[in-house]
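Q: need a structure here:
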Amino acid sequence: MSTDLHRDAVVADTHNDLLMAVTARPPERWASFFRERWLPQLREGGVNLQVLPVFIDDQYRPEGALRQTLRMIECAHTLAEGNADAVRLCTDGAQIDAALGEGLIALVLALESAPGLDASVELLPTVHRLGVRVASIAHWGRTALAD
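A: Predicted coordinates for the structure are as follows:
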């Protein structure tokens, strides 16, 4: 019974730090590393929708946080384009529905704490244009926006 429910339901994993692991590789390996390492796990787990958090490690803060944020966003686009037969980066519900209808895994970009933006809330439309659709203002401790 539970395996039928799992198979028939839309399974959303709302937190997977795979972008951190993928961006640790050279950019020319991003798409293939995702295909080799992460895609089999997502399929085996029956994941239909994967939220991709952009989390910035302390080693990049504060000076390199924006650069690393942009690298991770670019990584998401690169791995989606390089695996278009399996995944699609989605920016709204209609795109998610279409991807699921085509048997693809829907990917959604999220910012965790947004350290690359800090208090520059005027940059939120910029990351929105780049495909980010979820943002938290606090994740690990204090941020410029929350405590």
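Q: what pairs with the residue positioned nearest the centre of the chain across the strands?
A: By Cα atoms, centre = their mean, the chain has its centre lying nearest to Leu52, at 1.8 Å. In this entry, Leu52 is beta-bridged to Leu109, by DSSP bridges.
Q: do you know how far it is from Leu104?
A: According to Cβ to Cβ, to the nearest Å, Leu52 stands 14 Å off from Leu104. Where you see a C-beta, it was placed from the backbone N, CA and C, and this is true even at glycine.
Q: Same check on Thr143?
A: From Thr143 across to Leu104, the span is 33 Å (Cβ to Cβ).
Q: can you tell me which residues contact the residue nearest to the centre of the chain?
A: Leu52 is in contact with Asn16, Leu18, Leu19, Ala76, Leu107, Val108, Leu109, Ala110, counting by Cβ atoms under 8 Å, 6 or more residues apart in numbering.
Q: quick one: which of those is nearest Trp38?
A: Trp38 lies nearest to Leu18 out of the contacts of Leu52, by Cβ to Cβ, at 4.9 Å.
Q: Hmm, Val127 is touching Leu117, no?
A: Yes. The criterion here is Cβ atoms under 8 Å, and Val127 meets it with Leu117 at 7.1 Å.
Q: doesn't Leu107 make contact with Cys90?
A: Yes. Cys90 lies in contact with Leu107 (Cβ under 8 Å); the separation is 6.4 Å.
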